[in-house]
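*Asks:* After the sequence you'll find the predicted model.
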Amino acid sequence: MDTEYVTTPFGRRPMTLGMLIAQKRAEHARPAKSVDKWKIHRALCEAKPILGVTDRALAVLSALLSFYPKNELSDGANLVVFPSNAQLSLRAHGMAEQTIRRHLAALIEAGLIVRRDSPNGKRYARRSRAGEVNEAYGFSLAPLVSRAEEIEYLAAEVVAERLHLQSLRERVSLHRRDILKLIETALSDGVEGQWEAVHSGFRSLIDSLPRSPNIQELEALLSKLGRLQDEIVNRLEKHAKTTKPSGNPYQNERHIQNSDSESLSESEAQRQKQRAVLSVASVEMQPNPHVAPLNRSLEENGLSPAATEPRPERLKNEPIAVKAFPLDIVMRACPEIAAYGPNGRIGNWRDLMTASVVVKSMLDISPEAHHQACAILGPENTATVIACILERTSHIKSAGAYLRDLTRRSQKGEFAIGPMLMSLLRANTAGGTQKLA
């Protein structure tokens with residue numbers, strides 16, 4: 001190696017143990033045949049968080065490397081470069097000389113270069129008659145050769161950690177999407193459970209994540225989201241098994257052979273009967289829909305012995321009861337309507353309905369269309385639909401005609417608020433939260 005003895009700094013600069021260790025490491029480390037100077041520089045750029053150097057310091061190191069004439073840093077070559085601060089500033093894109101001195105000190109502190117000071121503190125080289133450099137004073141690049149394997153290992157470690165972090169972010173994003181759609185499915189199909197509380201717990205988990213999470217925080221969140229998703233899937237599977245007809249092919253075949261072509265199968269009739277019972281029971285058991293909770297259990301909404309008694313069939317023109325959603329989900333999906341509430345906020349269903357009346361006039365929705373929607377959908381669902389229309393007002397030509405069309409489709413049983421509300425909720429969540437992107 002070119003460093004054969006321990007050299008101390010010139011002038012008032014003190015000698016430190018770190019400088020001593022860096023010089024001895026460059027002298028006695030296992031020699032490497034050659035290292036591409038730009039490859040080792042790229043490895044340093046990857047490993048800089050572990051080595052404790054900044055990108056500005058690496059820019060100064062890149063300028064130093066440019067003064068070495070060859071691309072290969074060889075073990076037996078003279079690896080001392082001796083540019084002036086003015087020349088370094090030019091190759092470091094005009095960096096101030098005071099800044100260059102500070103970053104040179106940081107590189108020496110990190111053990112990436114070694115200072116070789118001359119007797120007078122100047123940087124120069126003594127050449128032979130043939131022009132070869134016999135002795136040079138400046139900065140030795142020998143530590144880059146001796147620490148090449150260590151630097152490449154640290155760079156590979158940083159890259160692996162970054163890829164692992166990226167994988168965790170992607171898995172968290174997938175869990176968020178899956179859980180949100182599973183909750184939407186549970187609300188749309190009327191699955192038993194306190195889904196409003198489940199959604200609030202899910203949001204609290206996501207909101208507790210810091211802006212720049214580390215691997216430990218993402219792994220902890222991923223574990224919680226995984227358990228939550230498994231619980232939701234199990235509850236949906238139990239609900240599907242209770243409503244699914246028998247899977248015995250012999251029973252199905254015998255049933256088809258013995259049934260009348262104009263009549264419904266026993267399982268289909270049972271499902272229609274159950275839906276009718278649930279819709280009637282939900283209307284009867286919610287006398288005050290402004291404060292009634294959305295996620296009432298199925299036992300309270302129609303699976304009790306009293307609720308399963310035969311009831312008269314729905315009249316032809318009788319409106320189908322549309323399920324209301326929790327106010328918290330409505331406000332997360334439609335935040336713009338909050339500005340029209342009392343005192344600029346919405347704290348309950350009454351505030352939402354008051355704001356919807358204001359928005360109705362602003363969107364030129366006629367009183368007749370509004371009254372018809374309240375009669376068919378209910379006041380809370382009408383307010384929810386108007387809030388959704390407000391969110392998509394730039395894409396809707398006539399809000400009144402759109403509301404009348406939704407009312408007509410709801411009367412025929414062809415419209416559900418859930419998909420429209422959850423679509424807006426997903427759009428707002430994706431647009432407003434950029435933590436895991």
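*Replies:* Great, that's in hand. Residues are numbered from 1 along each chain as shown.
*Asks:* residues near the nearest residue to residue 383 once chain neighbours are set aside, how many?
*Replies:* Here the nearest residue to residue 383 in space, its sequence neighbours aside, is residue 356; by C-beta to C-beta, 6 or more residues apart in numbering that works out to 3.8 Å. The way it works is simple: take the backbone N, C-alpha and C, and place the C-beta from them, glycine included. Other residues near residue 356 come to 27 when the count uses other C-beta atoms under 10 Å.
*Asks:* what does residue 73 give?
*Replies:* Residue 73: 20 surrounding residues under other C-beta under 10 Å.
*Asks:* do residue 217 as well
*Replies:* Residue 217: 14 surrounding residues under other C-beta under 10 Å.
*Asks:* Next: residue 392.
*Replies:* 15.
*Asks:* can you pull the pLDDT of it?
*Replies:* pLDDT recorded at residue 392 is 87.
*Asks:* Could you measure from the nearest residue to residue 366 once chain neighbours are set aside over to residue 367?
*Replies:* Spatial nearest neighbour of residue 366, excluding adjacent residues (C-beta to C-beta, 6+ apart): residue 400 at 5.5 Å. When C-beta to C-beta, to the nearest Å is the yardstick, residue 400 and residue 367 sit 10 Å from each other.
*Asks:* cool, residue 86 as well?
*Replies:* 81 Å.
*Asks:* With residue 66 instead?
*Replies:* According to C-beta to C-beta, residue 66 and residue 367 sit 77 Å apart.
*Asks:* more crowded one of the two?
*Replies:* Set residue 66 next to residue 367 and count neighbours by other C-beta under 10 Å: residue 66 wins out with 16 against 10.
*Asks:* quick one: contacts for that one?
*Replies:* Neighbouring residues of residue 66 by C-beta atoms under 8 Å, 6 or more residues apart in numbering: residue 91.
*Asks:* 10 Å instead?
*Replies:* Shown in contact with residue 66 (C-beta atoms under 10 Å, 6 or more residues apart in numbering): 37-38, 81, 83, 87-88, 91-92.
*Asks:* out of those, who's nearest residue 217?
*Replies:* residue 38 (35.7 Å; C-beta to C-beta).
*Asks:* Residue 403 contacts residue 384, doesn't it?
*Replies:* No - contact criterion C-beta atoms under 10 Å: residue 403 and residue 384 do not qualify, at 11.7 Å.
*Asks:* Compare these two (neighbour count), which wins?
*Replies:* More neighbours surround residue 384 than the other of residue 403 and residue 384, with 28 against 24 (other C-beta under 10 Å).
*Asks:* okay but the more buried one is in contact with residue 355, surely?
*Replies:* No - at 11.2 Å, residue 384 does not count as touching residue 355 under the criterion of C-beta under 10 Å.
*Asks:* Show me what the longest helix belonging to the chain is packed up against.
*Replies:* Counting by DSSP state H, the longest helix found in the chain is helix 148-189. Here helix 148-189 touches strand 34-36, helix 37-51, helix 195-207, helix 215-243, helix 327-333, helix 417-432, going by 3 or more C-beta pairs under 10 Å, 6 or more residues apart in numbering; DSSP states H and E.
*Asks:* Select, out of these, the one closest to residue 171.
*Replies:* Closest of those to residue 171 is helix 215-243, at 5.7 Å (criterion: C-beta to C-beta).
*Asks:* how many degrees apart are the closest one and helix 195-207 in direction?
*Replies:* 160 degrees (axes from the mean of the first three to the mean of the last three C-alpha atoms, to 10 degrees).
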